[in-house]
Structures are given as structure tokens and as C-alpha cells.
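Colleague: The sequence isn't on hand, but the structure is:
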DNA sequence: ATTTTTATTGAATTAGCATTCCAGAATCAC
DNA sequence: GTGATTCTGGAATGCTAATTCAATAAAAAT
């Protein structure tokens, strides 16, 4: 019942992800979102209630479609080894040949840096995204240790956190400097540290 | 000649650093700066011309007084070994017992994440701060390799970049989650990767 | 076909933002 | 002291932000 929407909410969120990623949350105006999506402010508010809520929807959706989880899911389905999976993750960060339509950086990383612990509720949400990623890395390390790809001197948890830290650092550094290849050597060193 | 200032510009910048670090650039209003410094908007503008310029002054001063360069300078004066110096750097990030009056995070890191490559001039400035830090890490690794603290299989440059990436990552992760000790294991792994 | 429900849209609304003005006060040079 | 200069601070300034409204349009339900 009622009138039909002139837009697909999902598409709007996808566009919003792009805007928030390139400008950050605070610097993104509703006008920016209107321009990017072609959706009238009234409709935007009717659908998403506020800029903040739309941002949260963007975070949710990004969690669902992020290259990080996407790549890990795919690798799992394809039975790729832990070692090769982590290699692919680093390649995704460091390789200048980006897949078309992919993102330049990571929305969660940017949001964490910009909003920090200032908004407690949002901080918790972002932390749980981080925890989810970290947990997958730890699990991957555990599998790699189990099949002998990696050494077992260090705990999978510490190694996973190590990997997560350096991936976040690289993602951050690349926000300024597009020179991805510059970090290829660092990625190799991180991989070697697992053995 | 003329009237005397009721404030010390340096003190104002120090306060501004704190405000910009906790709120970020965009979310910091001039009113926030006025409240934090006790300096009237007119005087602030008379001294610093604009919010952006004050922010740049804060970046400059932060570069000059940052714990990173401070610790490295001190270690150099005291003749601390490369290995111990890097250990101290990690401890500064990861140790929950913070020195009083110290900063919780890093202004350059936060600025880089928030502003990204959006403002080209500012991006260049931030990149050069990053380059300066990275160069000092590389130099430190070189010294460590020279005296046998570290292995020489990898280039000092790649190892320095590796260190810089993980330090940035840790700094970022700790903006959300105050649990510094959580990353202690990761720091150890990074140290071990140098050998 | 009328009612009910939901969406669209151009035009408000309200608030806060960065920034400026100007009259007055303090300091220095003479 | 007088004047030039510099700083202060309360009150604008003009702008843009996020958000809402009232009127209208479209679809489904009765």
C-alpha cells in the first residue's frame, strides 16, 4: 500500500558509502548525499531519519559487503590455504591494480579514526566490527598453525592482532599516499613473521 | 609597540592540539577552541587568521613536540641502542602507564585519516610529517643492522616501513579501544621480525 | 471511486558555523 | 601627555548546515 519509492534504499546506501569514505562523516553534508544519490532531502529523511542513521546504515552495509569479509568468504569457499588467504589480503591492500568498482580504503578504519571514542555508542559498534575482523584473522592463523604453514611459538591471537594492526596501519597510510607498492616490502615482512 | 597579548600563542596552540586530537578537525568548532583556550574569537583570528591556519600551526607544533620525535631525540642523546629505542617506541604506544600530560593518540595520524587526500596541500604536509617519521625509523633500523641487533636480510627501508605501518595501525586501533595491553603481544612479534 | 497510506518536493525553519567589526583599552615612541 | 599601534571583546555578519512542513501525487485497500 502507498506510493512506490523512486529509489532503491540499498543503492542509496551504496552511494552514501562512497561519499562518507571520501569526505569523512563530519565533512559530508546532506547536500553532498543528495547530489550523489539524486534523492531529495525529504525522501532521504523519510527513509533514514537522520544523517547519523544513514551513516550507521552505511557502516552496516559496508560490514556486509567489505572486501575484507568478501575475500575471506570467497577463500573459505574455494578452500584456499590460510597462508594464501592472508597473502591475498595483503595483496588487496598493497597491489596497485585494483579491481574495478572496489573501494580505495576502508570505511570502518576511517570512521574509527575520525570519531574515535567521542561517541560511545558508535565507538562500540565500530569496535565490534574491528573485533569481527580481528577474530577472522586469528582464526585464519590458527588454521595455518594447524596445517604447519605458520609457526606455533606465538599465540594465534597475538599473531592475528599483529596482522590486523599492520593492515590497519597500511590502510591508513594509503589514505594519504596512493603509492601502494611502497608497502609491498612491509607486507612481505609481516608474512614472514608468521613462520 | 602596541598593547600586550593576554595569552601566549604557544599555550593556545597546545590547547588547540588537545581539542583537535579529541574531536578531529571538522567537528571542532571555533567555539570549542575559544572555550578550551579562554581566548576571544577576535583575538584568535587576529593571531591565527583562520581555523585552518590554527590547525596547521597545531600540526607544526605537534611535529616539534610529539612523543615520537621527543623519544627518539632523547634516546639519541642518551646513546640508547637501536633495538632498545624501538622497544621504547612500542612501549610508548602499548604501555597503559602513560606519562602525565602526554597525548592519548597522534594528531598526524588522526589528521591523515580524517582529511585523507581531499585537501591536496594539507595531504602533502601530512605526508611529509609521515615521511620524516618513517625516515627516522629506517635510520634506526640501519643502525641496528650495522651493530648486529637486527638481521640484514631485508632492507632497512622495508623494515622501517614495516615498523611505521604497524605503529600507525596500533595508534589507530587504540583510538577506539583504550586497552593498550591487548597489543603488547603484537608489538613483540613486530620486534622479533627485525631479527 | 473513495479512502487510506505512503512518497515526493519546493520551500521553509532553526540553529550553528566561521568570520568580521568596531569601539574601547593598553602599551610604546616621542 | 599625544599619537601611533596593537590587542580586546561584545555584538554583529552572512552563510550553510541539518532538519521539517504542507501540499501534492501515486499506489493499494475497501
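Modeller: In hand now; what should we look at? As the structure is a prediction and not an experimental result, all values here were calculated from the model.
Colleague: Flag every buried residue along stretch A:41-55.
Modeller: Buried residues in stretch A:41-55, counted by 16 or more other C-beta atoms under 10 Å in any protein chain shown: A:43, A:44, A:47, A:48, A:51, A:54, A:55. For glycine as for every other residue, the C-beta is placed from the backbone atoms N, C-alpha and C.
Colleague: Let me know whether it sits next to chain B.
Modeller: No - contact of stretch A:41-55 with chain B (C-beta under 8 Å from any C-beta of the partner chain) is absent, the minimum separation being 12.5 Å.
Colleague: For that stretch, what is the distance to the chain centroid?
Modeller: Relative to its parent chain, stretch A:41-55 has a centroid offset of 23 Å by C-alpha atoms, centre = their mean, to the nearest Å.
Colleague: which residues touch it?
Modeller: Residues outside stretch A:41-55 that contact it (C-beta atoms under 8 Å, 6 or more residues apart in numbering or on different chains): A:5-7, A:9, A:12-13, A:16, A:20, A:25, A:28, A:30, A:33-34, A:37, A:39, A:57, A:111.
Colleague: Just the buried residues of stretch A:41-55: which are in helices?
Modeller: By the criterion of DSSP state H, membership of these in helices covers A:43, A:44, A:47, A:48, A:51, A:54, A:55.
Colleague: tell me which parts of chain A are close to DNA strand D?
Modeller: Within chain A, the residues that sit near DNA strand D (C-beta under 7 Å from any atom of the strand) are A:1-4, A:28-31, A:41-42, A:45, A:49-52.
Colleague: tell me which of those residues is nearest to residue A:129?
Modeller: residue A:52 (16.5 Å; C-beta to C-beta).
Colleague: hang on, the earlier thing: right, and the pair among the ones in helices among the buried residues of stretch A:41-55 with maximum separation?
Modeller: Maximum pairwise distance in those, criterion C-beta to C-beta, is 17.0 Å, between A:43 and A:55.
Colleague: quick one, helices of chain A?
Modeller: Along chain A, the segments classed as helices by DSSP H run A:9-23, A:30-37, A:41-48, A:51-65, A:67-78, A:82-94, A:107-115, A:120-146, A:156-176, A:184-192.
Colleague: Just the mean pLDDT for the third one, thanks.
Modeller: What helix A:41-48 shows for mean pLDDT is 98.
Colleague: what's the residue closest to the geometric middle of chain A?
Modeller: residue A:106 (4.0 Å; C-alpha atoms, centre = their mean).
Colleague: Just to check, residue A:127 is in contact with residue B:174?
Modeller: No - taking contacts as C-beta atoms under 8 Å, residue A:127 lies outside contact range of residue B:174: 11.2 Å.
Colleague: between these two, who's got more neighbours?
Modeller: Using other C-beta atoms under 10 Å in any protein chain shown, the more surrounded residue of residue A:127 and residue B:174 is residue B:174, with 21 against 18.
Colleague: Let me know the pLDDT of the closest residue to that one other than its chain neighbours.
Modeller: Leaving aside its sequence neighbours, residue B:174 sits nearest to residue B:180 (C-beta to C-beta, 6 or more residues apart in numbering or on different chains; 6.0 Å). Note on residue B:180: pLDDT of 95.
Colleague: separation between residue B:180 and DNA strand C?
Modeller: Separation of residue B:180 from DNA strand C (C-beta to the nearest atom of the strand, to the nearest Å): 31 Å.
Colleague: ok, back up a step: out of the residues of chain A next to DNA strand D, which comes closest to chain B?
Modeller: Closest approach between the residues of chain A next to DNA strand D and chain B, by C-beta to the nearest C-beta: residue A:28, at 9.3 Å.
Colleague: count of neighbours near the residue nearest to residue B:174?
Modeller: That count, for residue B:180 with other C-beta under 10 Å as the rule, works out to 19.
Colleague: Okay, it and chain A: tell me how far apart.
Modeller: Applying C-beta to the nearest C-beta, to the nearest Å, the value for residue B:180 to chain A is 12 Å.
Colleague: list the contacts for that residue?
Modeller: B:93, B:94, B:95, B:96, B:174 are the contacts of residue B:180 under C-beta under 8 Å, 6+ apart.
Colleague: ok, the third one - contacts?
Modeller: Residue B:95 is in contact with residue B:180, counting by C-beta under 8 Å, 6+ apart.
Colleague: Next, give phi and psi for it.
Modeller: phi -80, psi 130 (degrees, to the nearest 10).
Colleague: Could you report the distance from the closest residue to residue A:80 other than its chain neighbours to residue B:154?
Modeller: What sits nearest to residue A:80 in space, not counting adjacent residues and going by C-beta to C-beta, 6+ apart, is residue A:88, at 7.3 Å. For residue A:88, the distance to residue B:154 equals 22 Å [C-beta to C-beta, to the nearest Å].
Colleague: neighbour count winner among those two?
Modeller: Higher neighbour count among residue A:88 and residue B:154: residue B:154, with 20 against 16, using other C-beta under 10 Å.
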